[in-house]
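>>> next comes the sequence, and after it the predicted model I'd like to discuss.
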Number of protein chains: 4
Amino acid sequence: MEPIRWGIVGGGEGSSIGYIHRSAATRDGYFRLTCGAFDINPERGKRFGMQLGLEESRCYASYVEMFRNESFRRDGIEAVTIATPNATHYEICRAALERNLHVICEKPLCLTSREAEELLKLAKERNRVVGVMFGYAGHQMIEQARRMVEAGELGEIRIIKAEFAHGGLSAAEDARNESLKWRLNPQVVGPSFVLADLGIHPLYLIRAIAPGLNIKRISCRRQSVVKSRAPLEDNAFVLMEYDNGAVASMWVSAVNAGSQHGLRIRIVGSKASIEWSAETPNILSFEPASGSPRVLRRGMPELYPSAMAEDRISGGHSEGLFEAWSNLYRRFAIAIRGKAFSLHEPSWYPDIEDGANAVTWIEKCLESSNQDGRWVKYESCV
Amino acid sequence: MEPIRWGIVGGGEGSSIGYIHRSAATRDGYFRLTCGAFDINPERGKRFGMQLGLEESRCYASYVEMFRNESFRRDGIEAVTIATPNATHYEICRAALERNLHVICEKPLCLTSREAEELLKLAKERNRVVGVMFGYAGHQMIEQARRMVEAGELGEIRIIKAEFAHGGLSAAEDARNESLKWRLNPQVVGPSFVLADLGIHPLYLIRAIAPGLNIKRISCRRQSVVKSRAPLEDNAFVLMEYDNGAVASMWVSAVNAGSQHGLRIRIVGSKASIEWSAETPNILSFEPASGSPRVLRRGMPELYPSAMAEDRISGGHSEGLFEAWSNLYRRFAIAIRGKAFSLHEPSWYPDIEDGANAVTWIEKCLESSNQDGRWVKYESCV
Amino acid sequence: MEPIRWGIVGGGEGSSIGYIHRSAATRDGYFRLTCGAFDINPERGKRFGMQLGLEESRCYASYVEMFRNESFRRDGIEAVTIATPNATHYEICRAALERNLHVICEKPLCLTSREAEELLKLAKERNRVVGVMFGYAGHQMIEQARRMVEAGELGEIRIIKAEFAHGGLSAAEDARNESLKWRLNPQVVGPSFVLADLGIHPLYLIRAIAPGLNIKRISCRRQSVVKSRAPLEDNAFVLMEYDNGAVASMWVSAVNAGSQHGLRIRIVGSKASIEWSAETPNILSFEPASGSPRVLRRGMPELYPSAMAEDRISGGHSEGLFEAWSNLYRRFAIAIRGKAFSLHEPSWYPDIEDGANAVTWIEKCLESSNQDGRWVKYESCV
Amino acid sequence: MEPIRWGIVGGGEGSSIGYIHRSAATRDGYFRLTCGAFDINPERGKRFGMQLGLEESRCYASYVEMFRNESFRRDGIEAVTIATPNATHYEICRAALERNLHVICEKPLCLTSREAEELLKLAKERNRVVGVMFGYAGHQMIEQARRMVEAGELGEIRIIKAEFAHGGLSAAEDARNESLKWRLNPQVVGPSFVLADLGIHPLYLIRAIAPGLNIKRISCRRQSVVKSRAPLEDNAFVLMEYDNGAVASMWVSAVNAGSQHGLRIRIVGSKASIEWSAETPNILSFEPASGSPRVLRRGMPELYPSAMAEDRISGGHSEGLFEAWSNLYRRFAIAIRGKAFSLHEPSWYPDIEDGANAVTWIEKCLESSNQDGRWVKYESCV
Ligand SMILES: NC(=O)c1ccc[n+]([C@@H]2O[C@H](COP(=O)([O-])OP(=O)(O)OC[C@H]3O[C@@H](n4cnc5c(N)ncnc54)[C@H](O)[C@@H]3O)[C@@H](O)[C@H]2O)c1
Ligand SMILES: NC(=O)c1ccc[n+]([C@@H]2O[C@H](COP(=O)([O-])OP(=O)(O)OC[C@H]3O[C@@H](n4cnc5c(N)ncnc54)[C@H](O)[C@@H]3O)[C@@H](O)[C@H]2O)c1
Ligand SMILES: NC(=O)c1ccc[n+]([C@@H]2O[C@H](COP(=O)([O-])OP(=O)(O)OC[C@H]3O[C@@H](n4cnc5c(N)ncnc54)[C@H](O)[C@@H]3O)[C@@H](O)[C@H]2O)c1
Ligand SMILES: NC(=O)c1ccc[n+]([C@@H]2O[C@H](COP(=O)([O-])OP(=O)(O)OC[C@H]3O[C@@H](n4cnc5c(N)ncnc54)[C@H](O)[C@@H]3O)[C@@H](O)[C@H]2O)c1
C-alpha cells in the first residue's frame, strides 16, 4: 500500500504531543508526513516543519492556508491530524472534513455536543474517517480485555472502577508554563479541566473493553482543590449506571500528590475481574471469583489472536505507549484505505461516535455537578 | 500489673472472630480469660469453655447469667468482650455496663444512633471504658500515618480514597453457612450489610489517621448486586465532605470478584500522599508531591517513636493482624487500669464515641442512599 | 491435653528473640512457662522472670541450677527452649537431654558436626524430641509449597534460587550493641557469621519444601565486605548440586544495603516454578512453564488441606511470623505429647537431624570457601 | 543533518529482531534504510526488501554483493546493521569494515576473542564506528543509574547481582522453530548458548552502570538442564571478582519456568543499592543503607539531566524497549556523524571494545566451567 499523504495541524516545537503523533503515524509507513501547520506562531511552525524535512512550500502558516493549498494539489494530503488545544478542534476538524480530508483528532473532539453532532453529520456526508486519539486503547492488553469480556470470561459485568488521578498539579501552576496555561483557561478548554483532559480516557477504555454497556445516568461531584483554578475542577468523582445494572465509579484528579500518571481500570464481573494500569501496560490481572489471580502478559500464546497480532517485539520485552499509538494509527490507516490491506480481521478504533459520546459525557457530568451531584440522564448525541 | 479478669460473650466454637479475641487479649498477660457465655447454644458454649480450660461453673449458658453471677463474686470479671452477631451488641453492652463492666465490643457498636446515645450515656455515668474492635487501627503503620498527619508531613488534607472491597460473596451464598447466614439477615444486622460490615473499618481508619477532620455531609449509593440480598446492599459507594473542604470517596463491596480482602486507604495532602493496605500492613507508601515515592517499613528507625514502641519483632519480619489486635487490647488494658502502667505516653484507641459515630454514619448513608444519593448532613450523635 | 511444663534458657530482657518464643509457645496453651534461666546476668534474669509472673524459686541463676532443681521436682519441666548465643547451644542442649528434657533449640544447633553427632546420639538414647527453630518453615505457604512439590505440580526440580540478604550491617557495627556484639565474635559464633546466622534458614526451607533432594557437593565463596569483620564473612555465595541433578544458588548477606530482611526462595521445576518471600508470607507465586503465573493466597479453598489446617484467621487477613512460630511450637507439642492429640495427620518439623545437617553444611561451606571455592563433597553427619 | 545511508544484513521476514532494528534506526530520521541483504534465502530477502519500499536493485542476494555494489555507488550506504545468526557476525563485520562501512552489529560481536581482536584492529585502522546492540543499555534509567554511581550516591560498590533467566525453553524445543534451531546449534552459536545469548546483556549493563569496575577473575558453572542440548548450556551461574574488591553473581537461564524475560540487576554499594528490571524499565529502585527505599521514575525532574534528555514522552507514560533501542541508534548516529550534531554532551554507547570484552568473557566462563568452576583470570583482549 502507498503511504497515506498526511499533514498535521499543531504539535509544533516543544508541544507535548507532537512527537508521538509523528512517530506513531509514520513508524510503519502507513502515513507519510507531507505538510503541516504546526504552530500558532507561523514563523516557528515553518521553521519546525523544515527541520522535519518538509518542503518549505508545504510548511503552512495556518491550517486554513494548508487545507486550501493542499486541496488544489494533485498530490495533496488525504488525512490530517489535529493536535492543537481543545477549543480549536471543532473548527479545524470541520474545515478538514469540508475539504474531504480524513481526520485524526486529539481528544476531546470538540467542546459541545452541538458541535459534535455537526461534525458527525459532516463526517457521514463526506464519508470520511474521523479517529479520536484515545491512545491508551491501542495497548494490546486492552484488546485482550475486550476479547475476554466478549467471550464471557468475566460473566455479567457488575462494577467498574476507573481512575486517572495524577498529582502533577498539586501545587498552583507556574504561570510561565505554556502547555499548562491553556489547559487551565476556560476560553480554551471550555467549562471543564480534568473531566475533559483525563476523564474521557478511562471513559473510552470502558467502552473499548465492554462495548455492549450503555450509560443510563450520571452523577458527578467536582472540586477546585487549588482554589485559583475555579471554575475549572482539578478533581472529580463520577458515578455511572449502565443499562445492564452495572455501576461505575471514576476518580479523576490532577492533585493526587505523588502519583505520576494513575490511569487504571478494574472491571468486576460475576465470574471474574480484570485490572489494568497504564503504568504497567504489558500485564493484565485476571482474577476469577474463585481460585487464584493470574497475571496475563503481553506476548503469551494464551492470549486471543487479535491481541497477539499487534506484537512488535516478542513477549517479555517491554512495549509502551508508542506501540499503543502506532497500533491505533495502523487501524486508522486500515479504516482509511479499507480493502487495500489484506491484514487480519478489521479492527475497532476510537471513532467520531466515541469522540462525540465523550463530549456529551463531559456535559452531563457538569450538569450533574452543577446541581450538587444529582443524577442526570445520559443520552448520547449519536 | 495484675491481669484484668475478663470474660467473653460469643466467639464460640467455629466462630470467625473468637480465636483472635482470646489470642490478642491474653497474649501479653493484660487480660486473663476467666469466664464466658460463648455460644447461642448453651451446651456447646459450656463444652467449649471447658476445653479452653475454664472452670465449669464459669462457663455460662447466657450472658445474663454470666453478668449476674460474676457480679456476685469477689473475683468476678472486670471486663467483657462482646463477639456476637450485630443485633445483640446493644443489649449485651448495656447489660454489661449496668453491671459496671468495662466492655470491648465488636463492631458495629449497635444498630441505631438512639441505642448508641444510650450506651454513651451509660458508659459515662458508670465511668467505664468501652473499646470498639476496629482492629486494623492497631497496626503500627497506622500509628505512623497518624503521627505524620499530625506533624504536617502531608500538608493540608485534600482527598481521601478508601476501599474495603472483597469478592467473598460474588456468588449467591450457601444457605448452610452459619457465619454468613446472619450477616445477610436484616433481623440480625439491621438495614445494612456491607456499609456496616465493612465500611466502618475504613471510616474509622480515616478518623484514626486524621482525627482533626469532621464529616459535614454524605452521599451514598448502594446496590444489591446479587438480587436475592435485597434490601441489604452488597456493594456501595460513599462520598463525604469534610469541614476543612477535603472530600472522601469510599467503595465497599462483597462482590469484588477476585479480591480476597481489599481494605486500602489513601490520604492525599497538599504536600504528600500516604497509602496503606491491610494485606501488606508492614509498609506504608509515602509519596511527596515532588520527588520520588518512598516505602516506609515497620521497624525502621526513621519512624515516629510511638510507631516503634509497639514492635514485637524487629523490622523486616512480618507482623500481621494478630499484632494489631494485641496492640489494641493492650491500649484497652491501659485505659482500664490507667496509671498502673508506667508505659510510654497514653495512647488513643477506638472508643465508644468512635463506635457511636460509625453507627450514625451507617444511618446517614442509608438515608442518602434511600433518596437516590442526595447529600445528607452528617451530625455525630456525640 | 495438659500444657507441657516448659522453661527457657536465655531470651532475657532486651533479647531479640525471647518474646517471640514465649508468645508462640504459650499462645494456644500447648506450653506453660514454668521456669527460666533467662540471662547471662543472674540478677537481671531473675527479675525478668518474676516480671513474667514466675515464682521466684523458679527464676534461676543458671541453666545448670535450673536443670538440676527442676529434675528434682515432681512438677518439674518437661521441655526447655534454648535461646542463648550460638556457642552455648551445645552444652545447654546436652545438659537438657541428660536430664531427659525435650528441647527446642535456637539455630544453629551447635558449632561443629562432632557436637551435632553427639547431640543426635544422646537424643536418640533418651528418646527426646529436639526441635530446631527454623521458624520461617512454619508459614502455611511453606506447607503448601511442600505439598505441591510432593504432588508433582512442579515436575522434576531443576534449579533453586535462595537468598537471605539484608543490609542491616552495611555500616561497621556499633560496638555498644549487645545483640550484635556476640554475633561478630568468633568465640561465640564459631568461624562463620552470615552462613550460620542467615544461610541455614533458606537451606532448611529447601529441605522443608523438597525433602527428597540430597546435596551432593558444595562450592562457597565468602567475603568480609566490612574488612574489620574478618575472618567472619558478612557476605557469601553458595552453589549446591543435588543428587537428582538439580543445582542451587544461594546468596547470604548482611551488607545488602537497603534490604530490611530479604529471605526469598524460588524453586524451578520442569513443569512450574514457585516463589516465596518471608516479607510477604501470605502469598506464594506459582508460575507454570506455559500459561500465566498465579498468586496463591493463604486461606484459599484451593490450597492443600494441611496448609489450610493451621489457619488462625480467615484468608485475606495478614498472618505473620508469630503465626509461623506458633505453628511450629504446636508441632513440637504434638511430637512431645504424641497421641494425646487427635488432630490432623502428624506433621513434619525441623528436627535434630535438620539441625545437624545445617551444622555440617556450614562446615562444608567454610571448607570450600577456604580453598577458594573448590567443590566439596557433602555428606550429612546423620 | 542528512540521514545516514544505511543497510541491513539479516533481519528478514519473520526474524525476531529485524523489525526493531528498522524501527529504532529510522524513527527519528538519523538513518535511512537504503538497501539490504535481508535473508539467507535470496528470493525471500529480495521480496521482503521490496515490500519495505526499497528499490529492487538494492535488495541484494547476499551481503557480499551488497557491500561491493554499494561501494561503487556515489550514494552507497555509509553504515550497516548486522542482524544475522551469531556465527556469521565476524565475517560480515569484517567485510563491512573492509568496505569502510560503519557497523551496528548484533551481539555477540563474534565467536572468539581472536576474531574480536581482528575486528578491533580493523575498526581502528579504518576509523569506523562499531556499535554492538546491547539494547537494554539504552533505557533512560540505565543512564540515571550510571550517573548515580558516577556521583558517588552508592558509595563504594560492593556486590552486584544480575540475572537474565527466562523460562522460554523449559521444554525440549520444537524442531521446527527456525529462530530457535540455530540458537541451539553449536555450529552457529559456538560453544555456548545462554552465556552468549543472555549473559552478555547483564554483563554489559554492569559495565554501562559502573564503567570504573574491572573484572579480575571469573568462576562459572553451567548445566544442560534439558539433556539433549549438551554440550550447550541452558543454565549457568557466574561469579566475578572486580579489581576494587567487589563481587558479582550472575544467573542466566532459558529454563526458569514461568519467567517471561527476567533481566534484572542490583548494584549494592556501601551507601545505597539500586535495582532495575527490564520488565519495568521506567522505574529504578534506590535503597539507601539507612532510610526508606525510593522509586525513581522516568521523567521526574529529580533525575540527572542526561537521563532526562532522551525522554520522548513525559514521565508517567510508559516507554519501552523501542525507545531504548532508538536512544542507542541515536548515539550511534552521533558517533558516526560526530560534530554534525549540536546536541547535548556526547554520550557513551556499547562499542567494539564492549563487544570484544563480552566475547572474552564468554570464553573465560567456558574455560572455568570446563574445569569444574575453577577461578580463571580475566584479561580483556582490549
Ligand atoms: N491523547 C492523549 O493522551 C493526549 C495527551 C496530551 C495532550 N492531548 C491533547 O492534545 C492536544 C494538544 O495538547 P498539547 O499538550 O500537545 O498542547 P501544547 O500546548 O503542548 O501544544 C499545542 C501545539 O499546538 C500549536 N497550536 C496552537 N494553536 C494552533 C493553531 N491554531 N494552528 C496550528 N497550531 C496551533 C501550538 O503552537 C503548539 O505547538 C490537546 O487537545 C490535548 O488535549 C492528548
Ligand atoms: N473487627 C473485625 O474485624 C471483625 C471481623 C469479623 C467479625 N466481626 C464482628 O464480630 C461479631 C461476630 O462475628 P463472627 O463472624 O465471629 O460471627 P460468627 O457467627 O462466626 O460467631 C458468632 C458467635 O456468637 C455466638 N452467639 C450468638 N448469639 C449469642 C448470644 N446471644 N450469646 C452468646 N453467644 C452468642 C455464636 O454461637 C457464635 O459462636 C460480629 O458483630 C461481626 O461484625 C468483626
Ligand atoms: N530463629 C530465628 O529466626 C532467630 C532469630 C534471631 C536469633 N536467633 C538465635 O537465637 C539465639 C539468641 O539470639 P538473640 O538475637 O536473641 O541474642 P540476644 O543477645 O539478643 O539475647 C541472648 C539472650 O541470652 C542470654 N544469655 C546469654 N548467655 C546465657 C547463658 N549462658 N544462660 C542464660 N542466658 C544467657 C542473654 O542474657 C540474652 O538475654 C541465637 O542463637 C540466634 O542465632 C534465631
Ligand atoms: N540485542 C538483542 O536484544 C537481541 C535479541 C534477539 C536476537 N539478537 C541477536 O540478533 C541476531 C539475529 O537473531 P534473530 O533472533 O533475529 O534470528 P532469526 O533467526 O529470527 O533471524 C535471522 C535472520 O537473518 C537472516 N540470515 C541468516 N543468515 C544470513 C546471511 N548470511 N545473510 C543474510 N541474512 C541472513 C535470516 O534469513 C533471518 O531473516 C543474533 O545474533 C541474536 O543473538 C539480539
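That came through, no problem. Note that the coordinates shown come from a computational prediction; the quantities given were computed from them, not determined experimentally. Ligands and ions are numbered 1, 2, ... in the order given.
>>> mind picking out the helix or strand in chain A with the poorest mean pLDDT?
Every helix and strand in chain A was compared by mean pLDDT, DSSP states H and E; the lowest is helix A:178-183, with a mean of 81.
>>> can you name the element that comes right after it?
Next along the chain after helix A:178-183, taking DSSP states H and E as the criterion, comes helix A:186-189.
>>> what sits up against the following helix or strand past that next one?
Counting by DSSP H and E, the next helix or strand C-terminal to helix A:186-189 is helix A:194. Residues from elsewhere that reach helix A:194, judged by CB atoms under 8 Å, 6 or more residues apart in numbering or on different chains: A:222, A:233-236, A:252-254. Quick note: C-beta positions are derived from backbone N, CA and C, even for glycine.
>>> redo that, cut-off 6 Å
Applying CB atoms under 6 Å, 6 or more residues apart in numbering or on different chains, the contact partners of helix A:194 are A:233-234, A:236, A:252, A:254.
>>> what's the local residue count around the residue of chain A found nearest ligand 3?
Across chain A, no residue is closer to ligand 3 than residue A:292, which sits at 28.5 Å (CB to the nearest ligand atom). Other residues near residue A:292 come to 20 when the count uses other CB atoms under 10 Å in any protein chain shown.
>>> now residue A:74
Count around residue A:74 with other CB under 10 Å applied: 4.
>>> element containing it?
With DSSP H and E as criterion, residue A:74 is part of no helix or strand.
>>> do you know how far it is from residue A:5?
For residue A:74, the distance to residue A:5 (CB to CB, to the nearest Å) stands at 10 Å.
>>> tell me the pLDDT at residue A:341?
We have a pLDDT of 52 for residue A:341.
>>> same thing with residue A:344?
Value for residue A:344, per-residue pLDDT: 48.
>>> sorry, back to before: and the residue of chain A closest to ligand 3, what is it in contact with?
C:294-296.
>>> ok, it to residue C:292 distance?
Residue A:292 is 10 Å from residue C:292, by CB to CB.
>>> ok, residue A:261 next?
Separation of residue A:261 from residue C:292 (CB to CB): 25 Å.
>>> okay, whichever residue of the stretch 151-300 of chain A sits closest to ligand 2: pLDDT?
Residue of the stretch 151-300 of chain A nearest ligand 2, by CB to the nearest ligand atom: residue A:290 (20.4 Å). According to the prediction, residue A:290 has pLDDT 92.
>>> tell me how many other residues surround the residue nearest to it when sequence neighbours are not counted.
Leaving aside its sequence neighbours, residue A:290 sits nearest to residue C:301 (CB to CB, 6 or more residues apart in numbering or on different chains; 7.1 Å). For residue C:301, the neighbour count with other CB under 10 Å is 9.
>>> can I take it that residue C:301 is in a helix?
No - going by DSSP: H, G, I helix; E, B strand; the rest coil, the assignment for residue C:301 is coil, not a helix.
>>> how close does it sit to ligand 1?
42 Å (CB to the nearest ligand atom, to the nearest Å).
>>> now do that residue against residue C:314, distance only.
Counting by CB to CB, the gap from residue C:301 to residue C:314 is 11 Å.
>>> and residue A:152, by the same measure?
30 Å.
>>> ditto for residue A:204
Separation of residue A:204 from residue C:314 (CB to CB): 39 Å.
>>> give me the more crowded residue out of the two.
residue A:204 (23 against 15).
>>> and residue A:65, how many neighbours?
By other CB under 10 Å, 12 other residues sit near residue A:65.
>>> and the spatially closest residue to it that is not a sequence neighbour, what does it touch?
Closest residue in space to residue A:65, ignoring its immediate chain neighbours: residue A:37 at 7.0 Å, by CB to CB, 6+ apart. Applying CB under 6 Å, 6+ apart to residue A:37 gives the contacts A:9, A:60, A:62-63, A:66.
>>> go again with 8 Å.
A:7-10, A:45, A:60-63, A:65-66.
>>> inside helices: which ones of these?
Within these, residues falling in helices by DSSP state H are A:45, A:63, A:65-66.
>>> just the buried ones from those residues, in ChimeraX syntax?
Only the buried entries of the ones in helices among the contacts of residue A:37 go into this ChimeraX selection, using 16 or more other CB atoms under 10 Å in any protein chain shown:
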select /A:45,63,66
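>>> nearest to residue C:348, of the ones in helices among the contacts of residue A:37?
Taking CB to CB as the measure, residue C:348 lies nearest residue A:45 of the ones in helices among the contacts of residue A:37, at 75.1 Å.
>>> so the closest residue to that closest one other than its chain neighbours, which state does it fall into?
Excluding the flanking residues, the one nearest residue A:45 by CB to CB, 6+ apart is residue A:39, at 3.1 Å. Classification of residue A:39 by three-state DSSP places it in coil.
>>> how many residues are close by whichever residue of the stretch 1-150 of chain A sits closest to ligand 4?
Minimum separation of the stretch 1-150 of chain A from ligand 4 (CB to the nearest ligand atom) falls at residue A:28, amounting to 18.2 Å. Around residue A:28 there are 17 other residues, counting by other CB under 10 Å.
>>> for it, grab phi and psi.
phi -110, psi 20 (degrees, to the nearest 10).
>>> distance check, it against residue D:204.
Applying CB to CB, the value for residue A:28 to residue D:204 is 29 Å.
>>> what of residue A:377?
Applying CB to CB, the value for residue A:377 to residue D:204 is 61 Å.
>>> residues near residue A:321, how many?
As a measure of burial, residue A:321 has 23 neighbours, counting by other CB under 10 Å.
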